[in-house]
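Engineer: Have a look; sequence and predicted model below, questions after that.
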Amino acid sequence: MTPHPPPALRAAGLSLAYGPHLALAEASFSVPEGALAALIGPNGSGKSSLLRAVAGLLPSRTGTLEVPARDRRGGVSLVLQTTDVDASLPITVTEAVAMGRYPRRGVLGRFRAADRRSVAGALERMDIADLARRQLHELSGGQRQRVLVAQGLAQEADLLLLDEPVTGLDVVSRGLIDTAVDVERAAGRTVVLSTHDLADARRADVVLLLATRVVAVGPPEEVLTDEPLREAYGGRLVPLGDGLVLIDDPHHDHGPGHHDEAHDHHTGPVGLR
């Protein structure tokens, strides 16, 4: 009998909040090492909050969240959605990707041959080696997102967290990022990504369907079915033919004070311990 892999993530009664705003309530789930896990749900459902909690950026209000990779230096990498970059910020593509090695080497640590190989490999995988000397603010949105994913890849973390990595991207950028996710999973690393796309979620080994709680968790063929989706999305599902169409705008403005899906305070991935 093949032994089950140990959990890369395990939550029991986990609740997350920003002040009085409850982002996720009483969540219990497990994600095995080496799996691709997709977080899906409507806006404000707790996806981004859960990623931040896994990364160690948001403490739990109640319950427990076990993330063994956080015990290892550079063991967790979080890649956030790209935003506009201040033109006064003098940083090249190579410099931005090289920041992915900081959790392992430290900001002042001397780069070694292995670090340079990791950076060069990440640039190649995202097909941005030809942009290596370009300033980050000169790039298109799709190119910047590839830079940020390359930074996450360069870290070579055991657990890679991606917050809506392909939302609104061009076909080429989306394809490169999807391939990178597949390669990371094939290498035995755990990847957790949030998405608004049912097709993305169907590629995963484990799906967490959220609506400020865990509506369902399990393989996509069990979770992404009529009843759980209607429970999570309500009237935002439209029946067409033999399937359901998910209507949910990932760029919807949630108004002041909403934290879960907001990206305005972040400009890229964060390398974490």
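Structural biologist: Nice, I can see it.
Engineer: Looks like residue 54 contacts residue 161 (just checking).
Structural biologist: Yes. Counting by Cβ atoms under 8 Å, residue 54 touches residue 161, with 6.1 Å between them. No exception for glycine: its C-beta is placed from N, CA and C like everyone else's.
Engineer: Give me the most central residue, this protein.
Structural biologist: Residue closest to the mean C-alpha point of the chain, counted by Cα atoms, centre = their mean, is residue 162 at 1.6 Å.
Engineer: Quick check, pLDDT for that one.
Structural biologist: For residue 162, the model assigns a pLDDT of 97.
Engineer: Moving C-terminal from the strand or helix carrying it, which element do we reach first?
Structural biologist: Element membership for residue 162 (DSSP states H and E) is strand 159-163. Counting by DSSP H and E, the next helix or strand C-terminal to strand 159-163 is helix 171-186.
Engineer: For that following helix, which helices and strands make contact with it?
Structural biologist: Where contact means 3 or more Cβ pairs under 8 Å, 6 or more residues apart in numbering; DSSP states H and E, helix 171-186 is packed against helix 113-125, helix 141-155, strand 159-163, strand 190-195.
Engineer: Need these in CSV (columns: distance to residue 79).
Structural biologist: Formatted as CSV, the helices and strands packed on helix 171-186 follow (distance: least, Cβ to Cβ, whole Å):
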stretch, distance to residue 79
helix 113-125, 12
helix 141-155, 4
strand 159-163, 5
strand 190-195, 9
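Engineer: Relative to residue 28, which of these is closest?
Structural biologist: Nearest of the helices and strands packed on helix 171-186 to residue 28, taken as Cβ to Cβ: strand 190-195 at 16.1 Å.
Engineer: what is the orientation angle of that closest one with helix 141-155?
Structural biologist: Orientation of strand 190-195 against helix 141-155 (axes from the mean of the first three to the mean of the last three Cα atoms, to 10 degrees) gives an angle of 160 degrees.
Engineer: Just give me how far the helix or strand encompassing residue 208 sits from the chain centre.
Structural biologist: Following DSSP H and E, one finds residue 208 within strand 206-210. Distance of strand 206-210 from its chain centroid, counting by Cα atoms, centre = their mean, to the nearest Å, is 13 Å.
Engineer: do the same with stretch 12-31
Structural biologist: 17 Å.
Engineer: List the buried residues in that stretch.
Structural biologist: Within stretch 12-31, the residues scored as buried using 16 or more other Cβ atoms under 10 Å are 14-17, 22-25, 27, 29-31.
Engineer: Averaged pLDDT, stretch 212-219. What do you get?
Structural biologist: The predicted confidence, averaged over stretch 212-219, sits at 97.
Engineer: Dump the buried residues of stretch 12-31 into TSV; add secondary structure and distance to residue 192 as well.
Structural biologist: Output for those, formatted as TSV (DSSP: H, G, I helix; E, B strand; the rest coil; distance: Cβ to Cβ, whole Å):
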residue	secondary structure	distance to residue 192
14	strand	14
15	strand	19
16	strand	15
17	strand	20
22	strand	21
23	strand	16
24	strand	14
25	strand	19
27	strand	14
29	strand	11
30	strand	12
31	strand	7
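Engineer: could the residues you listed be laid out in a markdown table, adding distance to residue 118?
Structural biologist: Formatted as a markdown table, the buried residues of stretch 12-31 follow (distance: Cβ to Cβ, whole Å):
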| residue | distance to residue 118 |
| --- | --- |
| 14 | 32 |
| 15 | 37 |
| 16 | 32 |
| 17 | 37 |
| 22 | 39 |
| 23 | 34 |
| 24 | 33 |
| 25 | 39 |
| 27 | 34 |
| 29 | 31 |
| 30 | 30 |
| 31 | 25 |
